[in-house]
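K.L.:
Next input, structure requested:
(6 chains)
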There are 4 protein chains.
Amino acid sequence: MEDKSKRTILLSSAYKLFTKKGINKTTIQDIVDAARVAKGTFYLYFEDKYKLQEELIIEKSEEIFNNAIDALNKKQIKKFDDQIIFVVDYVIDYINNEPAILNFISKDLSLGIYEEKLTNIIGSKETKLYDLFLKGVKENNLKIKNPEITLFMIFEVVSATCFSVITKKIDLSINEYKPYVHNIIKSMLNI
Amino acid sequence: MEDKSKRTILLSSAYKLFTKKGINKTTIQDIVDAARVAKGTFYLYFEDKYKLQEELIIEKSEEIFNNAIDALNKKQIKKFDDQIIFVVDYVIDYINNEPAILNFISKDLSLGIYEEKLTNIIGSKETKLYDLFLKGVKENNLKIKNPEITLFMIFEVVSATCFSVITKKIDLSINEYKPYVHNIIKSMLNI
Amino acid sequence: MEDKSKRTILLSSAYKLFTKKGINKTTIQDIVDAARVAKGTFYLYFEDKYKLQEELIIEKSEEIFNNAIDALNKKQIKKFDDQIIFVVDYVIDYINNEPAILNFISKDLSLGIYEEKLTNIIGSKETKLYDLFLKGVKENNLKIKNPEITLFMIFEVVSATCFSVITKKIDLSINEYKPYVHNIIKSMLNI
Amino acid sequence: MEDKSKRTILLSSAYKLFTKKGINKTTIQDIVDAARVAKGTFYLYFEDKYKLQEELIIEKSEEIFNNAIDALNKKQIKKFDDQIIFVVDYVIDYINNEPAILNFISKDLSLGIYEEKLTNIIGSKETKLYDLFLKGVKENNLKIKNPEITLFMIFEVVSATCFSVITKKIDLSINEYKPYVHNIIKSMLNI
DNA sequence: TATGAATGAGGGTTCATTCAT
DNA sequence: GATGAATGAACCCTCATTCAT
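P.N.:
Numbers count the residues shown, from 1 in each chain, chains lettered A, B, ... in the order given. Next comes the predicted model:
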């Protein structure tokens, strides 16, 4: 505990506040108060709260996607579309269990940033998810012109609809909702 | 001109500023200056700038959707999926021609609000779009369990991806993008 | 009293503080506290404290010079150099009686600004002092190539030395000092 | 190089920054960064940046005056007023060639301090300049009551006017300006 | 000596909101 | 209804100074 760097404490304090109040309503004063740290300390480590947010988003997103793929590897799922659906469901369940995360990454003003970063993560040639997808398309001889765009659109469809369902803007349980998503994804994969 | 109520002038001044600078960077001072009205006057008509924004969003959205359906009625489009795609394309083209509107309804913090309002508009039993959709599903004997959810998801898919394409987060022209959307919609309609 | 505008109160409060503590050590908070006015009110009237200072300097300088010339007009001083010396002595005495004014216009960082403004005042074709000087040079057939520069340098000599004497940087009474200045001025006027 | 004490490095780093940005806009962080030294180290050697500045001013001023007198000694200038004028011109030229020095010693808030220090330097019985002046007055049998005051006033006149000319507050080249100064000095020396 | 992370008082500035006119 | 001067809480950010290592 005591060896946690102030930087780490600031990150986790900000995370809690962002998920609770959203980034716009969270002030730097709130963050340093929660971290029991002086105001100036914040500026030793972050330019402003948006830079801090970016770090959190990248960190959190990578964590979710990597966990999803790790979980996938432990299963024996053969069919490509089932693999993709497994990953999608994993992400949906994760967010559904920790819905406050949406409060932090998209409620206020940051859906744009979030997507931009996630697009980087998904589209990055180094990412396991992207590799998985490309390999699947190839091995299954899928007639997909531009796999990157398709993957991106899957992500968009999932995140946008998932967001609405989880935040109860539409009266649908997450499990009632999943089949719809699965169908869309299958059709996007031309299977 | 001179008989325009102050309220109307405030709405149109705010609209111009919101599309130009986004709502967060627009101050009430900016709005009343543009409207050539005193600061106190603002509070005679609106609780705060977010209430004003809500009004604008509803007004603007209804305008777009109603225009879309009016345009549809002038064409002789027989097939149901083509009708839906026509409406979708109409909306996409509208936003693409006036992308500043995204600056106002989603760039900052308001995609959530926007969707909530639009959901109301789409889902409202009184809306022409909803009626059109229901009638189409029935007449075509489509195997769609819950038409409302499907319509909602179409909207989500269109808006989320459209937003990314128009704001150039993904390197794809709006016309390259349309076929993807059309395919998804067709599959969602089980046709 | 009650009809004094907040602007006027801010100006006079700032004047007191500037003369007491210098402008650099005076904060906007100090000024509004002294004026018993809210902080925001300051920004209704002044961009920052330096703009306020400029106004004070111009106002105060014009006051001094105009008083000097008015006093001169009440005397019957014939000789040109005596007229100039009268004005110079008037200014020296004024500052000597209210030396705190130097604390405000030159102690901190503002000698430059002060001089710039005074140069404008002195050199301004509309100023009585400048007219007086030009007329004197002409009527007395003085061999002065560039009267404006000469007037400027008289001002510099007086203010620089006067500043040192009054602020006791040199151990000399103001009256012991005057003859030196008079001699310099006479020599500068080539009389 | 490597044996330069941290103290010396701090002084020269501060000098560079003061001449470039002025003392007020130079932070202690700037200084220690430039000196490649830790922040705490600054406080081992200086109370604050103003104490450091004082040292620099004294050091620099002595350097200039001593150089001026050394240069004088290499010339064969007989007449006393020519000697003084030589020194004055030397100083003027020096500042004119390195005007950034004014940025450091007077632009911000320090003309007062500077003059105070210089007055000490000039008036100090140990200074070569003062000796030179006293000797000259005596040998030439000049009717100058108080040589110290006269020397001080020469300095004031030169520095004040020189400052205005070099910083372009008055539209006059340094060479057009010199004759005016020379005349004033001659008259001050009663020659 | 030397370090540099940590501090926190304090500055400038913005702006939604009120209220006497 | 309409005004706009006044308010003051709230914010971001800087930076001289300290102190445990």
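K.L.:
Let me know whether residue A:96 touches residue A:166 as I believe.
P.N.:
Yes. Contact criterion C-beta atoms under 8 Å: residue A:96 and residue A:166 qualify, at 5.7 Å. The way it works is simple: take the backbone N, C-alpha and C, and place the C-beta from them, glycine included.
K.L.:
For those two, list the residues in contact with both.
P.N.:
residue A:174 (C-beta atoms under 8 Å, 6 or more residues apart in numbering or on different chains).
K.L.:
Which residues are in contact with residue A:177?
P.N.:
By C-beta under 8 Å, 6+ apart, the neighbours of residue A:177 are A:161-162, A:165, B:149.
K.L.:
nearest to residue A:52, of those?
P.N.:
Closest approach to residue A:52 among the contacts of residue A:177 (C-beta to C-beta): residue A:162, at 25.0 Å.
K.L.:
To what extent is the closest residue to that closest one other than its chain neighbours buried, counted in neighbours?
P.N.:
The shortest distance from residue A:162 to any non-neighbouring residue, by C-beta to C-beta, 6 or more residues apart in numbering or on different chains, is to residue A:92 (5.4 Å). Using other C-beta atoms under 10 Å in any protein chain shown, the number of residues around residue A:92 comes to 21.
K.L.:
so how far is residue A:185 from residue A:92?
P.N.:
Using C-beta to C-beta, to the nearest Å, one gets 12 Å for the distance from residue A:92 to residue A:185.
K.L.:
what touches both of these two?
P.N.:
Here residue A:92 and residue A:185 have residue A:158 as joint contacts, going by C-beta under 8 Å, 6+ apart.
K.L.:
do the top helix by length along chain A and DNA strand E meet?
P.N.:
Longest helix in chain A by number of residues (criterion: DSSP state H): helix A:49-74. No. Using C-beta under 7 Å from any atom of the strand, helix A:49-74 never reaches DNA strand E; the gap is at least 14.5 Å.
K.L.:
Run the angle between the helix or strand where residue A:150 lies and helix B:147-166 for me.
P.N.:
Using DSSP states H and E, residue A:150 falls within helix A:147-166. Angle of helix A:147-166 versus helix B:147-166, following axes from the mean of the first three to the mean of the last three C-alpha atoms, to 10 degrees, is 130 degrees.
K.L.:
Only alpha carbons, please: show the helix or strand following helix A:147-166 as PDB.
P.N.:
Sequence-wise, the next helix or strand downstream of helix A:147-166 (DSSP H and E) is helix A:174-188. What follows is helix A:174-188, C-alpha atoms only, in PDB (Å, rounded to 0.1, in the frame of the first residue of the first chain):
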ATOM      1  CA  ILE A 174     -28.800  -7.800 -21.600                       C
ATOM      2  CA  ASN A 175     -29.600 -11.500 -22.300                       C
ATOM      3  CA  GLU A 176     -32.600 -10.600 -24.500                       C
ATOM      4  CA  TYR A 177     -30.400  -8.300 -26.300                       C
ATOM      5  CA  LYS A 178     -27.500 -10.600 -27.100                       C
ATOM      6  CA  PRO A 179     -29.300 -12.700 -29.800                       C
ATOM      7  CA  TYR A 180     -29.900  -9.600 -31.800                       C
ATOM      8  CA  VAL A 181     -26.200  -8.700 -31.700                       C
ATOM      9  CA  HIS A 182     -25.200 -12.200 -32.600                       C
ATOM     10  CA  ASN A 183     -27.400 -12.200 -35.600                       C
ATOM     11  CA  ILE A 184     -26.000  -8.900 -36.800                       C
ATOM     12  CA  ILE A 185     -22.500 -10.100 -36.300                       C
ATOM     13  CA  LYS A 186     -23.100 -13.300 -38.200                       C
ATOM     14  CA  SER A 187     -24.600 -11.400 -41.100                       C
ATOM     15  CA  MET A 188     -21.600  -9.000 -41.100                       C
END
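K.L.:
pLDDT averaged over helix A:174-188, what's the number?
P.N.:
The average pLDDT within helix A:174-188 is 84.
K.L.:
for stretch A:67-82, same thing?
P.N.:
Mean predicted lDDT for stretch A:67-82 stands at 90.
K.L.:
by contact count, what packs against the helix or strand containing the residue nearest to residue A:162?
P.N.:
For residue A:92, the host element (DSSP H and E) is helix A:80-97. Packed against helix A:80-97, as judged by 3 or more C-beta pairs under 8 Å, 6 or more residues apart in numbering or on different chains; DSSP states H and E, are the following elements: helix A:49-74, helix A:128-139, helix A:147-166, helix A:174-188.
K.L.:
I would like the residues contacting it, please.
P.N.:
A:64-65, A:67-69, A:71-72, A:75, A:77, A:101-102, A:129, A:132-133, A:136-137, A:139-140, A:142, A:154, A:158, A:162, A:166, A:174, A:178, A:181-182, A:185-186, A:189, A:191.
K.L.:
circling back: of residue A:96 and residue A:166, which one has the most company?
P.N.:
Between residue A:96 and residue A:166, counted using other C-beta under 10 Å, residue A:166 has the larger neighbour count: 20 against 17.
K.L.:
How confident was the prediction at the residue nearest to the more buried one when sequence neighbours are not counted?
P.N.:
Spatially, and ignoring its direct neighbours in sequence, residue A:166 is nearest to residue A:99 (5.0 Å; C-beta to C-beta, 6+ apart). At residue A:99, the pLDDT value in this model is 80.
K.L.:
Go ahead and confirm residue A:99 touches residue A:164.
P.N.:
No. Taking contacts as C-beta under 8 Å, residue A:99 lies outside contact range of residue A:164: 12.0 Å.
K.L.:
Those two: which has the busier surroundings?
P.N.:
Using other C-beta under 10 Å, the more surrounded residue of residue A:99 and residue A:164 is residue A:164, with 22 against 16.
K.L.:
do you know how far that one is from residue B:159?
P.N.:
Counting by C-beta to C-beta, the gap from residue A:164 to residue B:159 is 10 Å.
K.L.:
now swap in residue A:77 and tell me
P.N.:
32 Å.
K.L.:
Over to residue A:134?
P.N.:
Taking C-beta to C-beta, one finds residue A:134 at 28 Å from residue B:159.
K.L.:
do residue A:5 as well
P.N.:
If you go by C-beta to C-beta, the gap between residue A:5 and residue B:159 works out to 41 Å.
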